[in-house]
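Visitor: how would this look folded up:
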Amino acid sequence: MVTLIVTDPLTGIAMAGMDPVSYFTEPAPMSGVSDYEYIWQNVPWHFATAANRDIFVSAPEIYAPQFGGHDVTGVSRGFVADSDPYFYAVFKQRLYLFYSAANREAFLLSPDATGRTAEEKWPELSKNLSIN
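Guide: Numbering: from 1, shown residues only. So this is what the prediction gives:
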């Protein structure tokens with residue numbers, strides 16, 4: 001089953017437990033912990049600190065990965081694919097996740113065009129995804 005927000009298949013946690021705010025505030029992303037959990041869009045998200053959780057709660061649409069964490073390069077090509085939170089880019093203050101380093105590199109060659117195409121295709125692609 002492909003879900004609207006990519007979650008770990010064993011735990012059901014978004015971004016394999018990585019703290020989405022840390023991608024914006026730290027030199028490298030940090031693992032979250034269950035002590036700082038927040039449920040958003042029926043999915044548990046973990047954070048490294050209470051402060052990061054509170055930042056996310058105030059504006060989840062800013063800090064959550066675009067396209068529910070699905071690989072933006074895949075979305076731009078017309079399909080949904082899970083992502084690996086270790087393959088990422090922050091571009092124009094938005095977090096993008098990728099299936100592979102190659103997909104991240106493809107995005108970085110033309111991020112504006114890839115993002116625009118993904119935005120156009122996402123509404124149709126996301127209609128068929130199940131709510132977590």
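
Visitor: ok but L95 is inside a strand, no?
Guide: Yes: under DSSP: H, G, I helix; E, B strand; the rest coil, L95 falls within a strand.

Visitor: hang on, isn't it packed against F24?
Guide: Yes: if you go by C-beta atoms under 8 Å, L95 and F24 touch, sitting 7.3 Å apart. No exception for glycine: its C-beta is placed from N, CA and C like everyone else's.

Visitor: what residues are shared contacts of these two?
Guide: Taking C-beta atoms under 8 Å, 6 or more residues apart in numbering as the criterion, L95 and F24 both touch Y63.

Visitor: which one's more surrounded, these two?
Guide: For L95 versus F24, neighbours defined as other C-beta atoms under 10 Å are more numerous around L95 (22 against 16).

Visitor: strands of the chain, start to end?
Guide: In the chain, the strands defined using DSSP state E lie at 33-40, 43-47, 84-91, 94-98.
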